[in-house]
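Colleague: just to be clear, the model below is a prediction. Sequence and coordinates:
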Amino acid sequence: MIAFQPLPDAQAGCALCTQAGGVPLWQDEAWRVIRAEDADFPAFYRVISRHHVAEFSALLAPERQRCMDLVCRIERVLIEQLRPSKINLAALGNMAPHLHWHVIARFDWDSHFPQAVWGPRQREVRPDALQRIGMALAELDACVVEALSAAG
């Protein structure tokens with residue numbers, strides 16, 4: 001785990017510039033990865049730009065490629081470790097217009113499946129989602145960090 005440092009080019013009022021936004025796990029000069037703290041979706045990660053930029057198309061081609069490589073590495077870890085029903089990828093930015101990608105392991109038993117995580121709850125989950133994923137978050141986080149660190 002790493003400590004969050006506010007961005008040097010932080011925009012006033014931008015939560016992703018000034019706050020961790022979850023559990024900080026990994027970063028390089030351009031990107032950082034956190035695990036969102038969401039009891040319904042314990043395997044929910046974000047790849048966040050370390051520069052305030054709103055749109056993916058504002059990045060140069062190598063920056064876009066690097067971002068998608070990181071997203072794919074997290075996706076592979078989630079697939080290999082958790083065997084989810086589906087992985088959701090999203091880069092909405094409506095609430096926080098700061099470029100970030102959501103990488104979320106989804107299960108047919110989760111509270112919102114098949115709806116989006118922001119959609120209506122479909123069911124109560126017992127035992128809770130963290131117990132049902134069958135892996136400690138610290139162990140899953142370590143697998144994510146290992147995969148990202150191997151990206152160079």
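Modeller: That came through fine.
Colleague: in which helix or strand would I find the residue lying farthest from the centre of the chain?
Modeller: In the chain, residue 126 marks the outermost C-alpha relative to the chain mean, sitting 24.0 Å out by Cα atoms, centre = their mean. Mapping residue 126 onto the secondary structure by DSSP states H and E places it in no helix or strand at all.
Colleague: and for the one 5 residues further on?
Modeller: In this structure, residue 131 sits in helix 129-132 according to DSSP H and E.
Colleague: put the alpha carbons of that helix into PDB.
Modeller: Taking only C-alpha atoms (Å, rounded to 0.1, in the frame of the first residue of the first chain), the coordinates of helix 129-132 have been written out as PDB:
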ATOM      1  CA  ALA A 129     -20.100  -9.900  -0.800                       C
ATOM      2  CA  LEU A 130     -16.700  -9.900   0.900                       C
ATOM      3  CA  GLN A 131     -17.200 -13.400   2.300                       C
ATOM      4  CA  ARG A 132     -18.600 -14.600  -1.000                       C
END
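Colleague: just to be sure, residue 79 is in a strand?
Modeller: No: per DSSP: H, G, I helix; E, B strand; the rest coil, residue 79 lies outside any strand segment and is helix.
Colleague: dihedrals phi and psi, the closest residue in space to it that isn't next to it in sequence?
Modeller: In space, residue 79 comes closest to residue 87 once its chain neighbours are excluded; the distance is 6.5 Å by Cβ to Cβ, 6 or more residues apart in numbering. Where C-beta positions appear, they are placed from N, C-alpha and C, glycine not excepted. Dihedral angles phi and psi of residue 87 (degrees, to the nearest 10) take the values phi -110, psi 130.
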